[in-house]
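Participant: Okay, predicted coordinates and the sequence, questions at the end:
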Amino acid sequence: MRPFPYAVTVRTRNRDPARPVSVLPSIALVPCTRHPPSVVDLVSGTGENSDVVAYDAALADRIRALLAGSPGLTEKKMFGGLAFLVRGNMAVAASGQGGLLVRVDPAHTEKLVNTTPARVMVMRGRSMPGWLRVSADDVGTKPALARWVELSSSYVGSLPAKKKA
């Protein structure tokens, strides 16, 4: 198998993890033999080229506990976070930007934004009705998180199941 283009890696001169690094790291180009790293790999740490977790793992565990036993539940790393899908439809995610990404009925978006601390998700400059961001501070308690998880999972549960490709 032909190696892919080079990937940039950061190396330190100090190989002992118990000893603090006192010098600036050096940058080296090394052949990438498995697959070329994507921007997601390098920024969010979701690829095999990184061990970094970009989302709040404790929040993901809390979501997982609330959704346990839901039929058709799957998890998927997406957008630098960990998404929870119900029958193939994304319901809620521990966002790579922090907090929660919640899918709701688009008809209820405006009401929820006006009556809760949630805000409409913006992607590439466009507002995305039906997708809300909730800060980590606003889902700090079990009842607060449970409300959003229930809202999203009940809406997504009403959608037709996605067919596997």
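Facilitator: Received, thanks.

Participant: Now do the same for P117: helix, strand or coil?
Facilitator: Following DSSP: H, G, I helix; E, B strand; the rest coil, the label given to P117 is coil.

Participant: Could you report the distance from it to N89?
Facilitator: Distance, P117 to N89, using C-beta to C-beta, to the nearest Å: 24 Å. All C-beta atoms are positioned from the backbone trio N, CA, C, and that covers glycine.

Participant: With neighbour numbers in mind, choose between those two.
Facilitator: N89 (18 against 14; other C-beta atoms under 10 Å).

Participant: List the contacts of V122.
Facilitator: Counting by C-beta atoms under 8 Å, 6 or more residues apart in numbering, V122 makes contact with M128.

Participant: mind checking how far F79 is from R133?
Facilitator: Taking C-beta to C-beta as the measure, F79 falls 12 Å from R133.

Participant: so what sits against both of the two?
Facilitator: Common neighbours of F79 and R133 are listed as 95, 101 (criterion: C-beta under 8 Å, 6+ apart).

Participant: need the longest helix for this structure.
Facilitator: helix 142-157 (DSSP state H).
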